[in-house]
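Asks: what follows is a predicted protein model with its sequence.
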Amino acid sequence: MSRGALRRNLSDAAFLFLVPAVVALLPWSWGFALLRRLARSPSLFADVVASNLAQARRRLPALDAAAFAHQCRLLLLVDRCDSALALLRGERWWRRHVAASGDAVAGGLLLTSHWGAGFWIWRWLAAVGIHAHFVVRRADASDVGRGALSRLYLRWRAWSLTRIGCRGAIFSGGGGGEKVRAALAAGDSVLGMLDLPASLGQRAQRVRWLGGEASLPLGLAEIAAQAGVAVQVLSCSLDPVSGQRQLHAECLPPNLDAAGVVAAYAAHIETRIRERPGAWHLWHALPLYAGHETGAASGET
């Protein structure tokens, strides 16, 4: 193994496994203090933070760069710890450190985003009796780490989701849309995210977003509109000082068509992003959102 590969794997071992295990076993005030201290290091997640910051400055010129970078590093650390926390911490911990507002509705489309600390949404849904299918694109190991251990982490994270209430993944493309339709027809809940750049072949909706335009995937919203199910937007914020979470559920107006769902979703998520810009994980991908609008092409979710 080369020296570079060794460094990458040691980094993965530390930030994907060791740090999450330590934080999950410590009292949360101590664990979060450790994460805040680690997040002060400019070298931590340096490439991702620099890329996110460069894109955020294009849309938010008055951005506080230092606060943004710290929050970005902190959220990346917390995100890697949450699967261990969710598995090892019980109801008492959850009630103490995670506040919830709004009511989740079973049997519909639940939309969340890559903003905040969303892993705890699954525990919240399970607590109110909702075990949703998760519509996702297939993850790449480079999304979470730098070495071979990141593949092991992805398997561990997928397994941990099923242990805290997720019914399992429905991967977009390759018949994913039919599986979503079948789940909704059976009265199950489906959770997905639309704050992704539309890929080639996807039906897309053009929206005004973050001071520009973006093409967001339309497939899930079309399926929900055709099925006539309720649509909700869920978010989970992280207070960067106290470490407290705030889960929020907001019902979209009934009888919206697919374009209306995407527009309402985009407005909701933009509000969250502007509240805490460093909490959105996908700033680096912003140029890809210009995309292209597809017609009645594949209908891929």
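Replies: That came in fine, so what should we check first?
Asks: what strand or helix carries R73?
Replies: Element membership for R73, per DSSP states H and E: helix 65-88.
Asks: who does that helix touch, helix- and strand-wise?
Replies: helix 19-25, helix 28-38, helix 46-59, helix 120-127, helix 149-163, strand 231-238 (3 or more C-beta pairs under 8 Å, 6 or more residues apart in numbering; DSSP states H and E). Just so you know, the C-beta spots here come from the backbone N, C-alpha and C atoms, and that holds for glycine as well.
Asks: how far off centre is it?
Replies: 12 Å (C-alpha atoms, centre = their mean, to the nearest Å).
Asks: buried sites along it?
Replies: 68-86 (16 or more other C-beta atoms under 10 Å).
Asks: cool, and stretch 203-220?
Replies: With burial defined by 16+ other C-beta under 10 Å, the residues of stretch 203-220 counted as buried are 203-207, 209-210, 214-220.
Asks: how about JSON lines for the residues you listed, with pLDDT and secondary structure added?
Replies: Below are the buried residues of stretch 203-220 laid out as JSON lines (pLDDT from 0 to 100; DSSP: H, G, I helix; E, B strand; the rest coil):
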{"residue": "R203", "pLDDT": "86", "secondary structure": "coil"}
{"residue": "A204", "pLDDT": "91", "secondary structure": "strand"}
{"residue": "Q205", "pLDDT": "91", "secondary structure": "strand"}
{"residue": "R206", "pLDDT": "92", "secondary structure": "strand"}
{"residue": "V207", "pLDDT": "93", "secondary structure": "strand"}
{"residue": "W209", "pLDDT": "91", "secondary structure": "strand"}
{"residue": "L210", "pLDDT": "91", "secondary structure": "coil"}
{"residue": "A214", "pLDDT": "93", "secondary structure": "strand"}
{"residue": "S215", "pLDDT": "92", "secondary structure": "strand"}
{"residue": "L216", "pLDDT": "94", "secondary structure": "strand"}
{"residue": "P217", "pLDDT": "93", "secondary structure": "strand"}
{"residue": "L218", "pLDDT": "93", "secondary structure": "coil"}
{"residue": "G219", "pLDDT": "93", "secondary structure": "helix"}
{"residue": "L220", "pLDDT": "95", "secondary structure": "helix"}
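Asks: tell me the one of the residues you listed nearest V229?
Replies: Here the nearest of these to V229, counting by C-beta to C-beta, is L220; it sits at 11.0 Å.
Asks: quick one, what contacts the closest one?
Replies: By C-beta atoms under 8 Å, 6 or more residues apart in numbering, the contact list for L220 reads 109, 111, 135, 180, 190, 192, 194, 301.
Asks: same thing but at 10 Å, please
Replies: 109, 111, 135, 172, 176-177, 180, 190-194, 203, 231, 258, 261-262, 265, 301 (C-beta atoms under 10 Å, 6 or more residues apart in numbering).
Asks: can I get the buried residues of stretch 203-220 in JSON lines with distance to L238?
Replies: Shown next, in JSON lines, are the buried residues of stretch 203-220 (distance: C-beta to C-beta, whole Å):
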{"residue": "R203", "distance to L238": "33"}
{"residue": "A204", "distance to L238": "30"}
{"residue": "Q205", "distance to L238": "29"}
{"residue": "R206", "distance to L238": "31"}
{"residue": "V207", "distance to L238": "26"}
{"residue": "W209", "distance to L238": "22"}
{"residue": "L210", "distance to L238": "20"}
{"residue": "A214", "distance to L238": "24"}
{"residue": "S215", "distance to L238": "28"}
{"residue": "L216", "distance to L238": "24"}
{"residue": "P217", "distance to L238": "25"}
{"residue": "L218", "distance to L238": "29"}
{"residue": "G219", "distance to L238": "29"}
{"residue": "L220", "distance to L238": "25"}
